[in-house]
Structure formats: structure tokens, C-alpha cells
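Visitor: Give the three-dimensional model of this entry:
(2 chains)
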Amino acid sequence: MKRRWAVCSIFVLSLVLLIGAGLSVSGKDGPRYGGTFQCALASEPGKLDMQMDTGVAASIPARHILEGLFSFDENYAPQPMLAFNWELDETGTVATFYLRRGVLFHSGKEMKAEDVLASLNRWGEYGLTSKALWTHVVDLVALDDYTIQLTLDEPFAPMTTYLANIYGGPSIYPKEIVEVAGDEPITPENVIGTGPYKFVEWKAGDYILLERFAGYASSPAPASGFAGEKVAYFDKLQFFFVAEDNARLVGIEAGTYDYVVNIPNDLLVNVEGNADVVPIITDHPPIYPIGLINNRTGLMTNSALKRAIITALDMEAIMLAGYGDPTFWSLNPSYFAPGIRWYTEGAGEGLYNEADPNKACQMAADAGYNNEAIRIIVAQDMTAQYNQALVVADQLKNAGFNIDLQVYDKATFFQIRNSRDDPEHPQWEIAFSFYSTTPDPSLVLMLNPAYAGWWDTPEIQTLRDELNKITDFSARHAKWEEIITLWYEQIPAIKFGDAFQLHLMRAEIGGGYGTPENPPMLSPYFWNSWKK
Amino acid sequence: MLVSTFLVITITFVLMQLIPGDPAAVMLGTNATPEQIEQLRTTWGLNQPITVQFYRYFTNFFKGDLGESLFHRQPVLYIIGQRAETSILLGIMALLVVVGVGIPAGTISALKPNSWTDNSLLLVALAGASIPSFWLGLMLMTVVAGKLHLLPSSGFTSILATGNLANLKNLILPAFSLGFVNAALVARTSRSSMLDVLQADYITTAKAKGLSDWIVIIKHAFRNASIPIITVVSFTFASLVSGAVVTENVFALPGVGNLIVQSVLKRDYPVIQGIMMIVAVLYVVINFVTDLTYASLDPRIRYR
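Guide: Residues are numbered from 1 along each chain as shown, chains lettered A, B, ... in the order given. This next block holds a predicted model:
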């Protein structure tokens, strides 16, 4: 009897050990819940109300709190998020959106059509990116608690792109929140959304803290970019504001942070060979360093002169100055990077990266250039842009141009670039900046005639209007190619290349933004990631 | 005091208006359109005439209202209050380094002038005065935190909010890098002041009376040498608390110095003006306390 008892005990013990071992293995390799994820951002956002903010810093925490009717998948195609389906009638002017049922706000209230209507109406009236779409909106009504209908005066092809955009886009809030807020930004404690995390605390100058929303109703679609299933594995997300690059670098080495964003490329050598830190180079999508050109008045209304200027430029040297090691950039004359569906083959041939100062000098003379000063403005605290401006100024001087390089801090640079004091007479010819990838050409800033650069020739007006009316992708792509061809005729801006960003992640993070499981998008996201 | 306050308000306000730069454009970022920027400027009241803005700020100030941060949409006093704990603690810890290193080093140097010890300490003081605090901070951070993992690299969590005194360890590296640089100044002041006093007749008399060296140094020499040292230490403390700008940025500490930098870069006028006012008051208070200390140390000084 004793022997049988002993055998049974050994068997049970072995079974427990085996199961335990199995569990621990799966726990180590696979996703697991728990822990606080600490991320160091390079700057502090202004607010979390994304209808009223276009900043990347704000979008990183806000993306975990707020959702819209649509979201971008990893190919930047808009996919239903809070809507589960939608349809457009044959005229292309009446869109019906069917909302998911059982989606809760962080307040516990269920999201219904009245909330979506109130949010869209506020965005339409005060949102920072609503104007292009909302000028076409004739009517917006709720057909029932879970169905809304949007009527336009004419087809607007990028409608769902606008609805999926988070930067100044239509995040959905409870009706009572947006009605009280009106045109004022919603305060952080009232930023109540439907996302996988909810707002807990914002300690000014220090951090923003979010915690998992237990009532989150995830999209049933497979995870893809910002769209599809989102699982909040971490109990809490804490976003610290660490402006000093070295503090972020040492912080990830020391294990203070799990993820740090926007590390200068030349600091990569510091973590090479460190098994605890994983470099994440987000080469897709890149950012686009650019020289804006004042197309409104003065010298730069002369397209032949602008073509002379671009002919003088050696893009390789310019990108090297701005972004260092070629691992972090590539030359690309197309507005969009290869791999993005709006990429245009063969753009800028004969002009981009010609690096021919003699030819440029002759072209400038032919264009009637008479040694007038070309004022280049740049912000010194935008380091890559500043370094690029120095090289561009030098290259243009070598080609015989009279260059006046003016360096400011960012706040002054923006004031001068936007020419707030005298909108009709901008005080610059070339301004250094950069663009982020946009999911649709209609969101490209240079197409906005109000944006600094003020490209508003009759040719671009026509093409812009046509682009917004075409709904078929192939036809739209062909129209976008026409715009790029016009771009290299009229040179509204000089694109230097594609630049990549460097983030660092602790090796103990599973999934992780920028890895194959969670491919890079416009900005980092940390759902579907966990601590091993 | 009222005149000083009025002048500080006016000068700060005028300077803010003279500096070019658009807070709305900074807030909205590089991709904002002029229309969006104008909309935000109107919301913030920045398109109102300067006189209206000044009158509003001036009258609110005397009601105890320093206004609201353009960026945080919170009262300026609340924002500064949130940052004060970090800066005060950092200031106190750095002051401990300043006093604990600077005064003994200066005194020892003065007691053995031109000796090997004196020259070595002078060399260290020269290094302290020459090394930029941000460089020292980065080196300490890289070696002590990054490589040796002995102390946290950056950040600070409130002790008042968490009750966790262990958070003080986050301030050790910044306090040392800040204090070491300032300790050099105090060491040199202490040395020269002590050297002056040690050559005075009453020190010779004290020694002739048969008093021990330590009593002569502490009771007679140091007490009389302390007035210039206290002057330097008090103003060092004021600058440590109000403007550890570089150190707080290097170590990502949520203090007043960090707030100043961020506010200036973003042109958050109400916060900059609020900090200027509080720093001005802080200097006045510390000056007042220093004056009172003089009287307690030197019986010849009396205030009527």
C-alpha cells in the first residue's frame, strides 16, 4: 500500500513538474500579460485631443486611447475600426457606415451613432484636417443607433483616408464630452475613447500614464498596422518626456526604459554589440527631408530658375550631411518611398541629383538670374535640416548663386516660414523642413495652397481637383504621376531623399514596434507587444 | 518690493513680446497650415492688442492669478508647483555637495598654503570650475548608470506623491554634477577668505593665548571668514533651485529648470513670466535671509 502511494505521488509530482515546465516555456516564448511598459519620447505633447493636434508626440500615447471609424492597415489602406462595414451608393456621394455593437468608451458607456455624429460634427467644424472633406458634406444623420449616413455634394475619393487619419483627425468621443468641449481642446482627463488603454495621469514635464481598459472591444479583423485586433498585454503604458538624446540612450542601456524613440543615427555605435538592446531602423515609411520653396512671390516664381537650383545639388552629399551613415537614408526622387503604393517610377529624371554646378550656372543665366540674394532659412534645433542647409548653401554658392543663409530657433523659424507678419511678402526663398509619409496623396501638404510654399498654379489646381474626385485606385495613381511630372516642371519644393529613423528597444520586449510582428507605421504603437 | 515686482512684470512681458517666434506654430508642428495656426492664436488670445494682453496679465497677477499655460492648459502656479519638489530637492542635495566639498577643501587649502595639498586641491577646484556641468553629467550618466548600473540614469518620481524616499537616488548623479562645479567656486572663496583671516592680528592673539588650533580655526577664523562664503553659498543655492537648467535637461528631471527651457523653446509666455516672477521673489527672500545671517555672525552688523 505504501509502495503504491509512493508511485502515485511520484507520478503526480512528475506530471506537475512537466506541466509547470511546459507552462514556463510557453510563457517565456509567447505573449504574456502584465508589467508596465516604459517608453521615452523625445518631446512632450501639447495635448491628447487628436482632433485638435497634428503632432507625432501626441499621437503616440493618444493612439492607444482613441479610435476612429477607420484605421490604416500596414499598407496604409483605410480599414473599418469602430465601423464594421460601410458602403457607398452608385453616385459616390452617399456613404453609409455600420457601427460595431458592444464597443464601450472608457467611461463604461456604449458607443452609439449619437456619439459618432457629435464627434464628426465637432471635427468638421473645428478639426485641424477636416476642411477638405467637410466642405463637401451636405448632410450627416443617424439612421438608427448603429448606422450613420454621410451625404456629399460630389464624390470625394479620399473620404475614408480622412476618417482614418489620427493627426487632427476624427477621433470618436462620447457625445457629452465633445458637446461641452466645442472649439476648446478636450482636457486630458476627459480624453475618453474606445481604445485598448485609458488615460490615468499626465504629470507635466515628466510622463503620461495609461492603463489597460478591461472593457476593450477589439476589432475582429486580424492585426495589421493600426487596424485589426489589438491586445493590451501590458498593464500600464508610461510615456516619459526625455528631450536629451544621451539620456534616452543611457536610459535604454541601463534598463530604465523599455523603448526609446528617435535616437540620432550616429549614436547607434554605442549599442552595437549590446545584447540587451535591439536597434529598430524604421526604413518604411521614411520621412522626407525637403527644401520648401516660396512659390508665391519673388524670384522663385521663375520655374526655370528653380530647375537650375535643383540641377546644382548633389543629393548624396546633402543626405550624408543630414543623416550620416547610408544605412539611414536612400536617394529617391519620387515623393513616396518605394514599397508605398503611391510610389512613382522615373520621377525627376534629368534634374534630381544631377550635381552639375556648371550646367546649373548656365541654366540660371538663361533663366534671367542676376545675382539676386536667395534667402535660405533653417532652424538650428532641427539638426538634420540645419546640417543639410549648410551643404546646400555651399553647393549653390559653388554654382554661382548669391546665398543668404539665415539660422533661427524653431519658434522663430516657423513664424518667418509661415510669414505671419506679412502673408503677401514671405521673407525667404527656400525653407528647410521635412514631411512624414501620408497615407494618401491628397494629404500631401504641398498640395494644400494655404501651406507654406503656396503652390497654387492653375495647372496644380486642376490636377488637385481631379485627384480628389477619382475613386478608382489605378486612375488616381495615374493622376498622381501627372502631379509628380508637374512637380519636376514647376519645382514647388526640393525633395532630397528618404530618411529613416532609429528607435531602440530592450531585448526582453516581445513583439515590439518595428519588428516583423508589428511592422513600422507612421508612429509607434505598443499593443500586441509584451514583456518576455 | 512693489516697484521691483512691477518692473519684473513689465520687463518680462515686454521681452516676451520682443522675442520673435510663434507658440501656435510650435504647438502644431511642422505640418500645420497657416489657417490652423491662426485659429489656435485666436483661441489663445494672442491676436489681441498687446495693451489688452498686458492689462489682463497685470490685473490677474495682483489677484494671485499668473494665468494659464498655453500648452498644458493648466494654471501656471500649479505647473510650477508640480516642478518645485524636484528642483528644491535637487538644490538641497547639490548644496550639500557644494558645502560638504567646497568649504572643507577651501579651508584645508588655506591652512596649508602653497603646500602639495593646497596645490592639489586648487587643481581640483580649477577642474571643477572648468568642466561644463552637462559634460560631467553625461560622463557620470554613461559610466555610473549606463555601464556600471549603480544608479538610475534619468527621471525622478515625486516622493510626496509616492512616499518612496528611495527615489532620492535618482538625484544623486545630477546633484553631484551640479554641486561639484559650484563647489569649486565656494572652495576658492573659502580659501581666499580664510587666508585673509588667518593673517589677522586677533588670530595671532588667540594662538598666543594657548587656544588649540581647532578652536582658533573654527571659533575665531572660520566665523569671521564665513560672511563672504555665506554670500556665495546663498546665491549658489538660489541659482541651484531656480535654474539648474542644463542638469535638469541632461538627466530629464521634471524640475523648474527643465520647465524654463521647454517654455522658452515653445514660447509659452505665461509660464516664462510666472517663473521669472517666482525666481525674482526667491532671490529677494534669500537675500533677506542672508542679510539676517550676517547680523548673527558679526555682532558689529546691526539692522535698525
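Visitor: What parts of the stretch 101-250 of chain B come near chain A?
Guide: Within reach of chain A by CB under 8 Å from any CB of the partner chain, the stretch 101-250 of chain B has these residues: B:138, B:141-142, B:145-147, B:149, B:152-158, B:249-250. C-beta coordinates here come from the backbone N, C-alpha and C atoms, glycine included.
Visitor: Sitting in helices, which of those residues do you find?
Guide: Counting by DSSP state H, the part of these found in helices is B:Leu138, B:Asn249, B:Val250.
Visitor: Can you lay out those residues as CSV showing distance to B:Ser69?
Guide: Below are those laid out as CSV (distance: CB to CB, whole Å):
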residue, distance to B:Ser69
B:Leu138, 29
B:Asn249, 19
B:Val250, 23
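Visitor: want to try a markdown table for those, with neighbour count and pLDDT as columns?
Guide: Below are these laid out as a markdown table (neighbours: other CB atoms under 10 Å in any protein chain shown; pLDDT from 0 to 100):
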| residue | neighbour count | pLDDT |
| --- | --- | --- |
| B:Leu138 | 19 | 89 |
| B:Asn249 | 21 | 86 |
| B:Val250 | 27 | 87 |
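Visitor: out of the residues you listed, who's nearest A:Ala367?
Guide: Using CB to CB, B:Asn249 comes nearest to A:Ala367 of these, at 46.7 Å.
Visitor: so A:Arg464 touches A:Asn448, yeah?
Guide: No - in this structure A:Arg464 lies outside contact range of A:Asn448 using CB atoms under 8 Å: 9.0 Å.
Visitor: what about stretch B:196-204, distance to the chain center?
Guide: Put simply, stretch B:196-204 sits 34 Å off its chain's centre (CA atoms, centre = their mean, to the nearest Å).
Visitor: same question for it, mean pLDDT?
Guide: Per-residue pLDDT over stretch B:196-204 has a mean of 87.
Visitor: just the CA coordinates of it, formatted as PDB?
Guide: Provided in PDB are the C-alpha atoms of stretch B:196-204 (Å, rounded to 0.1, in the frame of the first residue of the first chain):
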ATOM      1  CA  ASP B 196      42.800  86.800   4.900                       C
ATOM      2  CA  VAL B 197      41.500  86.000   8.300                       C
ATOM      3  CA  LEU B 198      44.300  83.700   9.300                       C
ATOM      4  CA  GLN B 199      46.800  86.500   8.900                       C
ATOM      5  CA  ALA B 200      44.800  88.900  11.100                       C
ATOM      6  CA  ASP B 201      46.200  90.000  14.500                       C
ATOM      7  CA  TYR B 202      43.400  88.500  16.600                       C
ATOM      8  CA  ILE B 203      44.300  85.000  15.300                       C
ATOM      9  CA  THR B 204      47.900  85.500  16.400                       C
END
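Visitor: Which positions in that stretch come out as buried?
Guide: Across stretch B:196-204, burial judged by 16 or more other CB atoms under 10 Å in any protein chain shown covers B:Val197, B:Leu198, B:Ile203.
Visitor: Now do the SS call for the first one.
Guide: Looking back up the chat, that one is B:Val197. B:Val197 falls in the helix class when you classify it by DSSP: H, G, I helix; E, B strand; the rest coil.
Visitor: how close does it sit to A:Asn190?
Guide: From B:Val197 over to A:Asn190 the distance is 63 Å, taken as CB to CB, to the nearest Å.
Visitor: Helices of the stretch 201-350 of chain A, start to end?
Guide: Secondary structure of the stretch 201-350 of chain A (DSSP state H, counting those that start in this stretch): helices at A:245-254, A:303-312, A:315-323.
Visitor: out of the ones you listed, deepest packed?
Guide: The highest mean neighbour count among the helices of the stretch 201-350 of chain A, using mean count of other CB atoms under 10 Å in any protein chain shown, belongs to helix A:245-254: a mean of 25.
Visitor: same question for that helix, mean pLDDT?
Guide: Average pLDDT, helix A:245-254: 90.
Visitor: That helix and chain B in contact?
Guide: Yes - legend: contact between helix A:245-254 and chain B by CB under 8 Å from any CB is shown at A:Asn246, A:Ala247, A:Leu249, A:Val250, A:Gly251, A:Glu253, A:Ala254.
Visitor: Any chance you could list what contacts that helix?
Guide: For helix A:245-254, contacts defined as CB atoms under 8 Å, 6 or more residues apart in numbering or on different chains pick out A:40, A:42, A:242, A:256-261, A:263-264, A:267, A:270-271, A:274, A:276-277, A:504-506, B:138, B:141-142, B:145-147, B:149, B:152-155, B:250-252.
Visitor: If any of the residues you listed are buried, put those into a ChimeraX selection.
Guide: For the buried members of the contacts of helix A:245-254, the matching ChimeraX selection, counting by 16+ other CB under 10 Å, is:
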select /A:40,42,242,256,257,258,259,260,261,263,264,270,271,277,504,505,506 /B:138,141,142,145,146,152,153,154,155,250,251,252
